[in-house]
Structure formats: C-alpha cells, structure tokens
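Asks: Here is a sequence with its predicted model. Questions after.
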Amino acid sequence: MVKPVTFTFQDVNIDEISTFAGRVAVLVTSDGRMDNAARRVNRLTKGAIARMIEDGLKAGDARVLAYPVGMAAEAVDVICLEKRATQDEARAAGVALAKTRGAANILACLGNHSKADQVILGLALRDYGFDAHKTATPDEDARAITVMATKPDLIREKSEPYLAMAEGAFFTRDLVNEPANVLTTESFADRLVAMADIGLEVEVLEEDKLAELGMGALLSVGQGSDSPSKVVVMKWLGGNAGEAPLALVGKGVVFDTGGISLKPAAGMEDMTMDMGGAGVVAGTMRALALRKAKANVIGLVGLVENMPSGNATRPGDVVTSMKGDTIEVINTDAEGRLVLCDVMHYAQETFQPAAMIDLATLTGAIIIGLGHENAGVFSNDDGFAKSFLKAAEAEGEGAWQMPIGKAYADQLKSRIADVKNVGGRAAGSITAAEFLHRFVQDGTPWIHIDIAGVASTKTDTKYAPKGASGWGVLALNRLVADQFEVTEE
Ligand code: BES
Ligand code: MN
Ligand code: ZN
C-alpha cells in the first residue's frame, strides 16, 4: 500500500537551512516579502531570490535554484505564494513541491503562512506513485518531509484531518490501479476487512447470504466468474447514537469483460478500474475513520467480476432483484446497474439512511458527454445535489449535474419483464441513472455519480499523476463535514 509521505514538524531553526542536504523550499510573495527562511536563503545565495523577484515572480510561480552555492542543499524551491492565498493556490504550491521532489527529502519552510496546512495537503496528494509491481523500487520508507514553522504544533494539528483525507485518497488510488488478478473480489474484501484496525466495523456478505437475501441481479453478474461475489458493509458511527446514517454505495466490478456481450479487445485492460465506485466509497470511509468524523456513515460495496463462461448470464435472461422487480438482461455489459440496484435496495431496507449516494464507473456515455473533467451527477433531490456540487467545487473535483425524468425511464420498458437493463444509445448515462432511480425508495434523497470519466485518466490531474485519481474522496469527505457532522460542542 502506498502511504502518504511522513511529515515532521519543527520550530524554525535558520542555521539548519545551509546544512540541509535535500531540497529546501521557501515561500516569497510577489511583492518581494520574504520570511526569515527565505531571507536566509537569499543571503546564502547572494541575492538569487531577490533577482527572481525583480525578474517578475508571480503568484503561483515555482522556481528552482539547482545546487545553490553556499548551501548543502541539492536545490532550493522558491514558491511564490501570497499571504492571502486561496485554498487552491496553497494546494497548488504543495503540488509544485511534490512534482519537483523526486526521491529527495524536503525541508519545507512554511513560517507562519496561514494556509500551511493546505500546502501540506497539496504536497501529500500529489506525491503518489503506484510502484507495487515494479521490481526495482526506491526505499520509500525513508521518505520524509520536515516542515519548519513558527508554530509547528499548531500546523501539525491543523494538518491531521488533511493527511487523513490524503490517506483515504491513496487507498482509493491503490485499489483502482491494482490489476484484476491481484485485486480479486476476495482480496478486495480482505483489504476492507483490515480497516477494522482503524475503527471501522466491517461485515462481508458471502454468496449464500446474498442468495438468501434475493440479490438475483447482483449474483447474475458474478456467476460467470470463479471469484465469488460479495457485498461488504463498512460502518463508521461517529455521530449521534441512533441518528440515521448517510449511505455510500459503490460499484465494485473488479474486472468488466462485458460478459457474453464481450467488449472489444482494444482498451479492455482499462476495465481493471471498473471497481472505482467501490474504491471511492472505501477511501472515503478510511478518511472518515482516520479523522474520527462525528457522523454516521455506512459504506456498502458490491464486489463481482463480469466474465463470460458456461455459467455466465446470457443476453435475454430474466433475473429477479432483491426488491422483487424482474429485469430483462439485454446486454450483459450493462452490469454495474445490476450490482448497484441490489446493494442500494439492501442499504435502504437495512439502515433506513437519511440520504444515499451511489458511485460507479457506470457508462462510457458519460465520457462522451463530460470527458474527463467532470463526473455526472444525477439526483431526485436538487437541494441535496446542490450541496454535493458545492462540496466538489470547493475541493476542486469536477462535477456536473445531468437531468433525469420519466421519459428517460420509459426507454427501459421491457416486453417480458418489469424493466430491461439498457435503454438504447440515446442518453445512455441518463437511462442508466433512471434504472437505478427505480430502486430508490420514496423519501430517500439520492445522488448517483457516474465517475467513468474521472476515476482514472491517461494524463496527470490536478492532484494526481496519471492513472487512478482518487476523485471524490475529498468532495464526499467535505459533504459529510458540511451536512452530516455533529457540530455542537
Ligand atoms: N464499466 C463500463 C463503463 C465504462 C466505460 C467505464 C468506459 C469506464 C470507461 C460499463 O459496465 C459498461 O460497459 N457500460 C456500457 C453500457 C451499455 C452496454 C448500455 C457502455 O457504456 O458501453
Ligand atoms: Mn460493462
Ligand atoms: Zn462496468
């Protein structure tokens, strides 16, 4: 498992700056204000920082002084960050440090900057590399970042919840990056069970139990695979006793071949990320537990593998969901909704949640519509959707609301069953959402988030190198903080 880099916090000790052997990072403002550390570097380098500023250093700029004479450091990172920087600007400064860092230790001189904790979050989030399967890996345990600050204890305390969020996002990224021969339904469940360590209550429902519950839709997806289907329930009850929880439901298709409606070969390897929804749910639960959120949140994931075989579901089969609705499976590649509908029904029957959010790499159509910039947000409750969009915006995670409606639901009418699992090419992401909507009970505020375009990308994103992004952990964590957390002291 990739762990966020360790931060140690210490008082400002100006003399250490000339002897530190890694990279030294200092902050300056665009109008040339330097704190003690920056001033010391400027003096040691005979005015190099002052010259940068004269050259026109702008807010957001990050410059490197390589092998500065008069210092032991291999480089100095000069970051231009205004005193009143926004959260985004402060995080971007941290991202810049993570990008230039390589394997070097950093002495981050953050002085008394008011957004030092955000710099730390940006650095922690961007400093990720999935090298679990590279044989020659550097000794990552030796990595460290020393934060030098005027009030180190205060910054440490303020940074703690942010480092919990980074660890949650890393957990999601690891799961999403992991290949399907390693992350089977079994090993996925094991990794979730191991979160009992950090105080989550974790329960695994095995196939016999799922059959007993009547989850015929979910089971129909996994029946062609040798890996057993599972539902894992993770409980974090940090809020008021007895208060209805928020339910987070994730699609966990560990590999999606399409089943008998087999996908084309080109790009099929990307379907290792088809458990992205479950990954975000797991990472969010991890972050909430690590920061001991004062909220009741239940994470539920449906773990299955969609494979063709002699026992696989055929196109045309009719299956019965836990709710009782019969479903005509027109296309076995529209499997995510079959998994989610049963887990969503179970979540509502078992926990009577105050609200429910499901996350899934559900449709290729959402990538056509929104690309890799925004996840698609669908909801039966505009107020709830707005709160989520606001949280996502505040965390810099793209999200865009899409419509739903009866006319779209009508595209799912089946000749022989209650509903069919595909609604044709038109509005493919919306008909998928309407399929799920059928399984949402009256009075449950619900959001469906289609993350097919954002869970994993071929290029770097703001806070992550290419590959799994961890999209959603920050937004959901903030939504919980804004809407579900007990606030009175
Ligand atoms: N897992 C895919 C959706 C997907 C596509 C995720 C690309 C990430 C990247 C999903 O199970 C799927 O196959 N959806 C089909 C639905 C269709 C058969 C109605 C699709 O989008 O083509
Ligand atoms: Mn599919
Ligand atoms: Zn899928």
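Replies: That came through, no problem. Ligands and ions are numbered 1, 2, ... in the order given.
Asks: Would you agree residue 265 falls within a helix?
Replies: No. Assignment of residue 265 by DSSP: H, G, I helix; E, B strand; the rest coil gives coil, placing it outside any helix.
Asks: residues in the stretch 251-400 of the chain within reach of ligand 1, list them.
Replies: With the criterion set to CB under 6 Å from any ligand atom, the stretch 251-400 of the chain comes near ligand 1 through 256, 274, 331, 333-336, 361-365. C-beta coordinates here come from the backbone N, C-alpha and C atoms, glycine included.
Asks: can you tell me which two in those residues are farthest apart?
Replies: Largest separation among these by CB to CB: 331 and 361, giving 16.2 Å.
Asks: Looking at those two, which one has more neighbours?
Replies: Neighbours per residue (other CB atoms under 10 Å) separate residue 331 from residue 361, with residue 361 holding more: 31 against 15.
Asks: got a list of what the more buried one touches?
Replies: Residues counted as contacts of residue 361 (CB atoms under 8 Å, 6 or more residues apart in numbering) are 251, 253, 273-277, 336, 450-452, 455.
Asks: Mind checking the pLDDT average for the lengthiest helix in the chain?
Replies: Longest helix in the chain, counting residues (DSSP state H): helix 152-177. For helix 152-177, mean pLDDT rounds to 98.
Asks: Compute the distance from the centre of it to the centre of its chain.
Replies: Put simply, helix 152-177 sits 12 Å off its chain's centre (CA atoms, centre = their mean, to the nearest Å).
Asks: For the stretch 51-200 of the chain, just list every one of the helices.
Replies: 87-101, 116-126, 152-177, 185-193 (DSSP state H, counting those that start in this stretch).
Asks: how about those in CSV, adding mean neighbour count?
Replies: Shown next, in CSV, are the helices of the stretch 51-200 of the chain (neighbours: other CB atoms under 10 Å):
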stretch, mean neighbour count
helix 87-101, 22
helix 116-126, 27
helix 152-177, 22
helix 185-193, 20
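Asks: Out of those helices, which is closest to ligand 3?
Replies: Across these, ligand 3 has its closest neighbour in helix 152-177 (13.3 Å, CB to the ion).
Asks: That closest one vs helix 116-126, what angle?
Replies: 20 degrees (axes from the mean of the first three to the mean of the last three CA atoms, to 10 degrees).
Asks: and the residue in the chain positioned nearest to ligand 3, how many residues sit next to it?
Replies: Ligand 3 sits closest to residue 256 of the chain, with a gap of 3.7 Å, by CB to the ion. Counted with other CB under 10 Å, residues neighbouring residue 256 total 26.
Asks: Could you do residue 478 as well?
Replies: So residue 478, with other CB under 10 Å, has 20 neighbours.
Asks: ok, now the one 5 residues further on?
Replies: Other residues near residue 483 number 16, with proximity taken as other CB under 10 Å.
Asks: Doesn't it belong to a helix?
Replies: Yes. Using three-state DSSP, the assignment for residue 483 is a helix.
Asks: any idea how far it lies from residue 13?
Replies: Applying CB to CB, to the nearest Å, one obtains 43 Å for the distance of residue 483 from residue 13.
Asks: What values do phi and psi take at residue 242?
Replies: Note on residue 242: backbone dihedrals following degrees, to the nearest 10 are phi 80, psi -10.
Asks: Quick check, pLDDT for it.
Replies: Each residue has a pLDDT score; the one for residue 242 is 95.
Asks: repeat for residue 4
Replies: As predicted, residue 4 sits at a pLDDT of 89.
Asks: gap between it and residue 169?
Replies: Going from residue 4 to residue 169 by CB to CB gives 9 Å.
Asks: Residue 101 reaches residue 25, doesn't it?
Replies: No. The criterion here is CB atoms under 8 Å, and residue 101 misses it with residue 25 at 9.2 Å.
Asks: mind checking the end-to-end distance for stretch 131-151?
Replies: 35 Å (CA to CA, to the nearest Å).
Asks: Could I get the buried residue list for it?
Replies: If you call a residue buried by 16 or more other CB atoms under 10 Å, then stretch 131-151 has these buried ones: 143, 145-149.
Asks: Looking at those residues, which two lie furthest apart in space?
Replies: For the buried residues of stretch 131-151, the farthest-apart pair by CB to CB is 143 and 149; their separation is 19.5 Å.
Asks: which parts of the chain sit against ligand 2?
Replies: 256, 333, 335 (CB under 5 Å from the ion).
Asks: what mean pLDDT does stretch 78-92 have?
Replies: Mean predicted lDDT for stretch 78-92 stands at 98.
Asks: what's in contact with it?
Replies: Residues from elsewhere that reach stretch 78-92 (CB under 8 Å, 6+ apart): 25-30, 33, 38, 41, 49, 52, 57-65, 93, 96-97, 113-116, 118-119, 121-122, 125, 394, 396, 463.
Asks: Pull it out as CSV, backbone CA atoms only.
Replies: This file holds the C-alpha atoms of stretch 78-92, laid out as CSV (Å, rounded to 0.1, in the frame of the first residue of the first chain):
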residue,chain,number,x,y,z
VAL,A,78,11.2,29.1,-4.4
ILE,A,79,7.4,29.2,-4.3
CYS,A,80,5.5,32.4,-4.8
LEU,A,81,2.5,32.3,-2.5
GLU,A,82,0.7,35.4,-1.4
LYS,A,83,-0.1,36.0,2.3
ARG,A,84,-3.8,35.8,1.5
ALA,A,85,-3.6,32.9,-0.9
THR,A,86,-6.7,30.9,-1.6
GLN,A,87,-7.0,27.3,-0.6
ASP,A,88,-6.4,26.3,-4.3
GLU,A,89,-3.3,28.4,-4.6
ALA,A,90,-1.9,27.0,-1.3
ARG,A,91,-2.6,23.4,-2.5
ALA,A,92,-1.0,24.2,-5.9
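Asks: From the chain's centroid, how far away is that stretch?
Replies: Centroid displacement of stretch 78-92 relative to its chain, using CA atoms, centre = their mean, is 23 Å.
Asks: Count the neighbours of residue 194 for me.
Replies: Look at residue 194: counted by other CB under 10 Å, it has 12 neighbours.
Asks: Numbering from 28 from now on, please.
Replies: Renumbered: residue one is now 28, and that last one reads residue 221.
Asks: Show the buried residues in the residues of the stretch 278-427 of the chain next to ligand 1.
Replies: 283, 301, 360-363, 388-390, 392.
Asks: Need those residues in a markdown table (columns: distance to residue 459 and secondary structure).
Replies: Compiled in a markdown table, those are given as follows (distance: CB to CB, whole Å; DSSP: H, G, I helix; E, B strand; the rest coil):
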| residue | distance to residue 459 | secondary structure |
| --- | --- | --- |
| 283 | 14 | strand |
| 301 | 14 | coil |
| 360 | 12 | coil |
| 361 | 7 | coil |
| 362 | 11 | coil |
| 363 | 8 | helix |
| 388 | 11 | coil |
| 389 | 5 | coil |
| 390 | 5 | coil |
| 392 | 8 | helix |
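Asks: Show me the strands in the stretch 228-377 of the chain, by range?
Replies: Secondary structure of the stretch 228-377 of the chain by DSSP state E, counting those that start in this stretch: the strands cover 228-232, 257-264, 273-283, 323-333, 345-347, 353-355.
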